[in-house]
Each structure stands twice: as C-alpha cells, then as structure tokens.
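Colleague: kindly generate the corresponding structure for this input.
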Amino acid sequence: GGGGGEWEEEGLEEEIVVHSESLSAENLTDLVAAFCRDTRTDAQSSSAEKFKHAVITNAAQSSIKLRQRRLGMHCGVCLSKILKLHMLDTLDLYGNVLRDVGAIALLQLIRSHATLKQLNLGSNDLGVESGVAFARELATNDCLRSLDLGTEASALYPNRFNNLVGVAFGQSLSQNTTLTRLGISGVSISKLQDKGHDPQSLTAAAFGQMFRCNSTLEVLCVSNNALGTAGCVLLLEGMARNASLRVLDLSKNGAGPEVGVMMGQCLGSPGNGLEQLDMSTNGIGPNGVSSMVSSLIANTRLTSLDLSRTDMQDRGCIALANALEANRSLQTCNCSHNSITEYGGLAWADTLWSNGRLSSLSLANNPLGDEVGVNLAGVLSQNRSITHLDLGSTKIGDEGALSMIDALEGNASLTRLRLSDNLISETGGILLADMLERNGSVHSLDIAANQVSHTSLLRIKTECRRRKAAASSEEPRALQAQIRVLKKKEQKILETEFRIARAVAAREEAQRSAVEEKERLGLAPSESKRGGDA
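Modeller: Numbers count the residues shown, from 1 in each chain. Presented below is the predicted three-dimensional model:
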C-alpha cells in the first residue's frame, strides 16, 4: 500500500563514527573493555573489533556517534571519564542501553565540559531519575544547544518519563538562554507517576508558561506524548506570540478540533515565527482543519505543513486548497490518509494552476480516482514548481497514468513521482517506462503494487538507478567546472592585483625620485649663495 507521503529510501548501514582527539592506548583499552562488559562479548569478538576499529580510524575531530551498538552503563561511565579533557562538540549515543546510571555519569561530563553543543541520548531505557536530572541541568547550563531524549515507536529500549520530567523541562527552559533544540517525543511526559493521565495537563501548562519568556528555543519535538486537546491548547496559548520557535512537532497527541482552532490563531498572530509544523495523526477533523488553514491566507512564514491522518475529509481539504491559492510561502504539504475524495482532489488541481510555490505534495492513501489524476496531469503540463508528487493508493488507473505520461513529456521540474498501489495495468506500466526513458527530469518513479509485470518494474527501476548514478556523477563534474571558472577568475584577480601593485610601486618610485630631484635642485642654489658670501 501507499506510504502516507513518506518516500522510501534505500537501507543505510548502522553508523559508527567517532571524531575526537586521539585517545590514548589506555583509554581505548578501557573503552573496549566497557563495551565488552555491556555486550557480554569477548575482546576478540567481531563486534568488539569493529567498535575498536571505528574509534581508532575516526579519532580526529570533535564528534562521537555510536548509534544502536548496545552500549550500556559501563560505556556511559567510561566515556564520561575519558572524554573530560577532549574538545568534544557532538555526542550521539541514540538507541543504546545506557539506562539511568550511564546517562547520569554522562551528565557529569556535560557539567565539566565547555565545548559540548549537541547531545542525543534518545531510546536508551532512561527513567524519571535521569530525565529530571537532565531537565534541571538546563536551568544553569550555558553551553548545550541541542538535546534529544526522544524515543521512536519501534525502539527496543524506549525512554520512559512522566509529568515530573515534563514540568521540570518547562521550568528549566524558562531560565535557559542557550538551548535551541529539544526532542522529547514518545517519552510519556504527560503521564502521572502511577501511569494514569494527568487531568490538569501540568506538563503542557509548564511549556506554555515557558514560551512566554523563552526567546532561544527554535525546535520542539513533543510528538506521541498523549497531551490531549486540553494540553495542546495550553501549550499553544503560550506559544501564540513566541517569535523564536521555528519547528514544532505535535503529532500523535490525541488533539481534537479545538486544537485546530487554537493553531489557526497562532499561525495568524503577527508575532509567531513557525516555519515547519507537524500536526499529523490527531483528530482535528474538517472543522478544526478549516479553522487552522484559514490563517494561511496571510501567513508568510510557514514553509512545511503535515496534516496527514487528521480526518480533514473533503471539507478540510478544500479549505486548505483555497487558502493556498493566496499563500506564497508553503513549499511542502502532506494530506495523506484523510478520506479525501474526488471533490477534494479537484480542488487541489485548481489551486496548483495558480500556486507557483509548492514543491512537494502528498495526497497518498485517499480515494481520489482517475478524474483527479487527469486534472493533476493537466496542471503538471504547466506547473514548474512541483518536484515531488505522491499519489500512492489513490485509485488511479490507466486513464490517469496516461494523462501523467502526456503531461511529463514537457515537464522539466518533477523529479519524484509515486503511483504505487493503484489500478495501473501492464500497458500503463510499459508506457510509463517509455516515458521515463524519454523524460529528462524524473529520476524516481514508483509504480509497485499495480497490475504491472516484473519485467516492466525492473525496467523502471534500472532506469531510475541509472539516472541517480548519472546525477551523482554529474554533480562532481559540475563542481569541477565551477572550480575551474573560479580559478580563472582568481587568476584574473591576481593578475589585476599584480598590475595594480606594479603601477602603485612605479608611481611611488616616481614620486620619490621627484622629491629627491627637488631637494637636490633646492640645495644647489643655497650652497652657491653661501659660497658667494664667503
């Protein structure tokens, strides 16, 4: 099925990157020994050797990234000791098992470190003790710029906090003047100590109060924390006139229509500075979405908006599309999984005729139908701003696909098109493959889960890979060409400077000679006069 507007990327290897000043042999031995204790492996095991190799080969600059390597509390304690004298800028230990002991040991490192700017301890099986400790540290810490303690839904060792941690963060950030990014998604900051929900929304109230006095926080990620409608409203009331916050993630918080209304007031406030907003997976509904997006008509700051899974339906979708006819700032919009039918889809097609700013649009997992596909194709024949279009799982068949083919023949801007899980036949697949080989801009075309043969899918996949490889090889060539041009300009500048320097030197020499000649001529008469007097 469709992926809700998220583009599939090829799998990446787990990162093991260490950039710091060279560790001594003793420090390296201690660190590997701690790793072996945490992972219950031998020092000669492949995992220990790989860990050791990463430290040795990459110990050069000022960052450490050891993600998802099963590092436990022994590694946390060891790192806190051996890194005290290192000029460390970034420490990323996401997805390990540090637990409270290892995390609090690293907290001691932060207190004694004047250079550490970024710290990520997300998904490390941390509890309330370390959560409160880190929150309180922010009240006096004047070095840390980014702190991430969040947890992804699929994490093996999620961090588990409660509202004590949430309130502590809100209170500390009211005093902090250096932190610009805080990530605490999925850590239950709205839960009581007995795991029940906080009816008074103490965490949200603390954050709302924080926004009234904090002027440095730019990014806040608090998704999947069960803040609820009341909690989200309290938070947004405080944020309404905050000019420093640029990115807010409130997704998966059980927010209702009232939150949409409040968010609309925030986006319409002249003092609000939001640029990226994620409200996905909340029950905002068509009324809440309509109220929220009405403010986009005059908003000139917001560039990215995610309203996927918000139950906007056609009414909310049409309100959003109408608002964007006048909006000239929004570049990315996700409306996937919203029960949008042909009516909402056609409204989007009408909007894109006049909107020349939007570059990425997802309408995936909505029953749009061929009529919408045909109309969107008509837009693509003229629109030059859309580069990414996701129409996966939208009930588009051959008619819509063939219209896309005709439109893309003359389109030079669209680079990624997703038509997976639709009703496209083998004939449509073959024609799409033919189009791909002719069109110069599209380098990612997804038509998986259609009625298309493996041969046609392989043909498309091969062509996409070829295009990506060509693009990656063209970039260095383009850079080399730019370098050659810059070198020529530099040479001309140097030659000009040399000529100017020679001219200045010649002029100074001429002036010096003239002065000397005047002095000589002025001296001769006086000498003659003195001789006559004698």
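Colleague: need the three-state assignment for residue 147.
Modeller: Here residue 147 is recorded as strand under DSSP: H, G, I helix; E, B strand; the rest coil.
Colleague: isn't it up against residue 119?
Modeller: Yes: contact criterion Cβ atoms under 8 Å: residue 147 and residue 119 qualify, at 5.4 Å. For the C-beta atoms, the positions are set from N, CA and C on the backbone; glycine is no exception.
Colleague: residue boundaries of the strands in the stretch 151-300 of the chain?
Modeller: Per DSSP state E, counting those that start in this stretch, the stretch 151-300 of the chain carries strands over the ranges 181-183, 219-221, 247-249, 276-278.
Colleague: let me redo that: the stretch 351-500 of the chain
Modeller: For the stretch 351-500 of the chain, applying DSSP E, counting those that start in this stretch gives strands covering 360-362, 388-390, 416-418, 444-446.
Colleague: how about the ones you listed in CSV, adding mean pLDDT and distance to residue 82?
Modeller: Shown next, in CSV, are the strands of the stretch 351-500 of the chain (pLDDT from 0 to 100; distance: least, Cβ to Cβ, whole Å):
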stretch, mean pLDDT, distance to residue 82
strand 360-362, 98, 44
strand 388-390, 98, 45
strand 416-418, 97, 45
strand 444-446, 96, 44
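Colleague: out of the ones you listed, nearest to residue 453?
Modeller: strand 444-446 (15.4 Å; Cβ to Cβ).
Colleague: give me the helices and strands touching that closest one, please.
Modeller: Counting contacts by 3 or more Cβ pairs under 8 Å, 6 or more residues apart in numbering; DSSP states H and E, strand 444-446 is packed against strand 416-418, helix 454-533.
Colleague: let me have these in a markdown table, adding mean neighbour count and distance to residue 66 as columns.
Modeller: Listed next are the helices and strands packed on strand 444-446 as a markdown table, based on neighbours: other Cβ atoms under 10 Å; distance: least, Cβ to Cβ, whole Å:
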| stretch | mean neighbour count | distance to residue 66 |
| --- | --- | --- |
| strand 416-418 | 23 | 33 |
| helix 454-533 | 11 | 28 |
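Colleague: confidence-wise, which of those is weakest overall?
Modeller: Looking over these, mean pLDDT reaches its minimum on helix 454-533, with a mean of 76.
Colleague: picking up where we left off before, mind putting the strands of the stretch 351-500 of the chain in a markdown table, distance to residue 141 included?
Modeller: Converted to a markdown table, the strands of the stretch 351-500 of the chain look like this (distance: least, Cβ to Cβ, whole Å):
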| stretch | distance to residue 141 |
| --- | --- |
| strand 360-362 | 37 |
| strand 388-390 | 39 |
| strand 416-418 | 41 |
| strand 444-446 | 43 |
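Colleague: out of the helices and strands packed on strand 444-446, nearest to residue 129?
Modeller: strand 416-418 (45.0 Å).
Colleague: what pairs with the closest one, and is each one parallel or antiparallel?
Modeller: Strand 416-418 has the following strand partners under DSSP bridges: strand 388-390 (parallel), strand 444-446 (parallel).
Colleague: how about residue 104, what does it touch?
Modeller: Applying Cβ atoms under 8 Å, 6 or more residues apart in numbering, we find residue 104 in contact with 129, 130, 133.
Colleague: in strands only, show me those.
Modeller: Among those, DSSP state E puts none in strands.
Colleague: give me the buried subset of the residues you listed.
Modeller: 130, 133 (16 or more other Cβ atoms under 10 Å).
Colleague: mind putting the contacts of residue 104 into a markdown table with distance to residue 519 and pLDDT?
Modeller: A markdown table is the format used below for those (distance: Cβ to Cβ, whole Å; pLDDT from 0 to 100):
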| residue | distance to residue 519 | pLDDT |
| --- | --- | --- |
| 129 | 86 | 97 |
| 130 | 82 | 97 |
| 133 | 80 | 97 |
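Colleague: how about the contacts of residue 104 in TSV, adding distance to residue 71?
Modeller: Below are the contacts of residue 104 laid out as TSV (distance: Cβ to Cβ, whole Å):
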residue	distance to residue 71
129	19
130	15
133	19
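Colleague: quick one: which of the contacts of residue 104 is nearest to residue 432?
Modeller: residue 130 (52.4 Å).
Colleague: from residue 93, how far out is the closest one?
Modeller: Residue 130 sits 13 Å away from residue 93, taking Cβ to Cβ, to the nearest Å as the criterion.
Colleague: go on, residue 74?
Modeller: Relative to residue 93, and taking Cβ to Cβ, residue 74 is found at 13 Å.
Colleague: pick out whichever of these two has more residues nearby.
Modeller: Higher neighbour count among residue 74 and residue 93: residue 93, with 26 against 21, using other Cβ atoms under 10 Å.
Colleague: isn't that one up against residue 124?
Modeller: Yes: Residue 93 lies in contact with residue 124 (Cβ under 8 Å); the separation is 6.8 Å.
Colleague: closest one to residue 426 among the strands of the stretch 351-500 of the chain?
Modeller: Nearest of these to residue 426, taken as Cβ to Cβ: strand 444-446 at 15.6 Å.
Colleague: to the chain's geometric centre, what's the distance from the closest one?
Modeller: Put simply, strand 444-446 sits 22 Å off its chain's centre (Cα atoms, centre = their mean, to the nearest Å).
Colleague: likewise stretch 127-134?
Modeller: With Cα atoms, centre = their mean, you get 27 Å for stretch 127-134.
Colleague: and if you look at stretch 325-340?
Modeller: Centroid separation for stretch 325-340 versus its chain: 18 Å, with Cα atoms, centre = their mean.
Colleague: same question for it, mean pLDDT?
Modeller: Confidence over stretch 325-340 (mean pLDDT, whole number) is 97.
Colleague: of all the residues in it, which ones are buried?
Modeller: Residues of stretch 325-340 classed as buried by neighbour count (16+ other Cβ under 10 Å): 327, 330, 331, 332, 333, 334, 335, 336, 337, 338, 340.
Colleague: give me phi/psi at the fourth one?
Modeller: Right, residue 332. phi -130, psi 130 (degrees, to the nearest 10).
Colleague: what about residue 348, how many residues nearby?
Modeller: Residue 348: 25 neighbours (other Cβ under 10 Å).
Colleague: actually residue 373, not the one I typed
Modeller: For residue 373, using other Cβ under 10 Å, the count is 27.
Colleague: before we move on, what about the one 10 residues further on?
Modeller: Using other Cβ under 10 Å as the criterion, residue 383 is surrounded by 20 other residues.
Colleague: do residue 438 as well
Modeller: Residue 438 has 10 neighbouring residues, counting by other Cβ under 10 Å.
Colleague: tell me the predicted confidence for it.
Modeller: As summarised for this prediction, residue 438 has a pLDDT of 84.
Colleague: which stretches of the protein have low pLDDT?
Modeller: Counting by pLDDT under 70, the chain shows low-confidence ranges at 1-23, 57-61, 194-200, 474-477, 487, 491, 494-495, 498, 523-534.
Colleague: nearest to residue 433 among the contacts of residue 104?
Modeller: Using Cβ to Cβ, the contacts of residue 104 come closest to residue 433 at residue 130, 54.0 Å.
Colleague: need the contact list for the closest one.
Modeller: Counting by Cβ under 8 Å, 6+ apart, residue 130 has contacts 99, 100, 103, 104, 107.
Colleague: need the nearest residue in space to the third one, chain neighbours excluded.
Modeller: Read it as residue 103. residue 130 (4.1 Å; Cβ to Cβ, 6 or more residues apart in numbering).
Colleague: farthest-separated two in the contacts of residue 130?
Modeller: Checking the contacts of residue 130 with Cβ to Cβ, the most distant pair is 99 and 107, at 12.9 Å.
Colleague: quick one: contacts for the residue nearest to residue 385 when sequence neighbours are not counted?
Modeller: Using Cβ to Cβ, 6+ apart and skipping the chain neighbours, the partner closest in space to residue 385 is residue 356 (5.0 Å). Residue 356 sits next to 383, 384, 385 when contact means Cβ under 8 Å, 6+ apart.
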